[in-house]
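*Asks:* Quick one, structure for this:
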Amino acid sequence: MKRIFDIFFSLLGLLILLIPFLIISIIIVLDSKGGIFYNQTRVGKDGKDFKLFKFRSMRTDADKAGLLTVGGRDNRITKAGYFIRKYKIDELPQLLNVLFGDMSLVGPRPEVRKYVDMYKAEQLKVLSVKPGITDYASIEYSNENEILGKAADPETVYINEIMPAKLKLNLKYIEEQGLGTDLKIIFNTIGKILK
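*Replies:* Sure, this is the predicted structure:
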């Protein structure tokens, strides 16, 4: 049932967003050198790697300077990137990941291998379900970049404070998952972005 829901709404979303996607693509190309999309290897269900799609919001090879984005004014972010990240537009190409079956509309946000390797046994349960575009943690930590931007050591704060809190919310989602929960998270996510 969830897979049918994912396929239907990811296809619908891609059709509705076709023209906006074309406009965003042109803006990205005109704004800075590099491709339209940014692909990053993330860890999916059962610990399998997959390529996550995003609109490119940073300069080419920016991830070589670090995996975490810190603050609203990370100097690796392009001019267009500030706008598309602020309104989470960079995440929309993940509708392709949902359509291809790597992700679901709702589920724990997929993490990079470096941080998954730090998970404790209990936390690894988040890999028992497909990762999603949004979840409880995405709503709760929508200002994660700002939190990290104020930290003296952003990576330590992420590993010791933010990541465990997000994983706790991911485990809560696994316990409560269902169509009603997914719809609630989707509407709360839209509300958070509009605010």
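
*Asks:* measure stretch 29-48 end to end?
*Replies:* 32 Å (CA to CA, to the nearest Å).

*Asks:* Then stretch 29-42?
*Replies:* Stretch 29-42 has an end-to-end distance of 25 Å (CA to CA).

*Asks:* hey, C-alpha coordinates of the lowest-mean-pLDDT helix or strand in the chain in CSV?
*Replies:* When the helices and strands of the chain are scored by mean pLDDT, DSSP states H and E, helix 144-149 comes last with a mean of 84. Provided in CSV are the C-alpha atoms of helix 144-149 (Å, rounded to 0.1, in the frame of the first residue of the first chain):
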residue,chain,number,x,y,z
GLU,A,144,19.9,22.4,11.9
ASN,A,145,22.3,24.5,9.7
GLU,A,146,21.8,27.5,12.1
ILE,A,147,22.5,25.4,15.2
LEU,A,148,25.7,24.0,13.6
GLY,A,149,26.6,27.5,12.5
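
*Asks:* Could you report the distance from the closest residue to V29 other than its chain neighbours to R56?
*Replies:* Nearest in space to V29, with sequence neighbours left out and distances taken as CB to CB, 6 or more residues apart in numbering, is I36 at 6.4 Å. Using the backbone N, CA and C atoms, a C-beta is placed for each residue, glycine as well. Distance, I36 to R56, using CB to CB, to the nearest Å: 6 Å.

*Asks:* Tell me which of these two has more neighbours.
*Replies:* R56 (24 against 16; other CB atoms under 10 Å).

*Asks:* Give me the distance between that one and I139.
*Replies:* Counting by CB to CB, the gap between R56 and I139 amounts to 25 Å.
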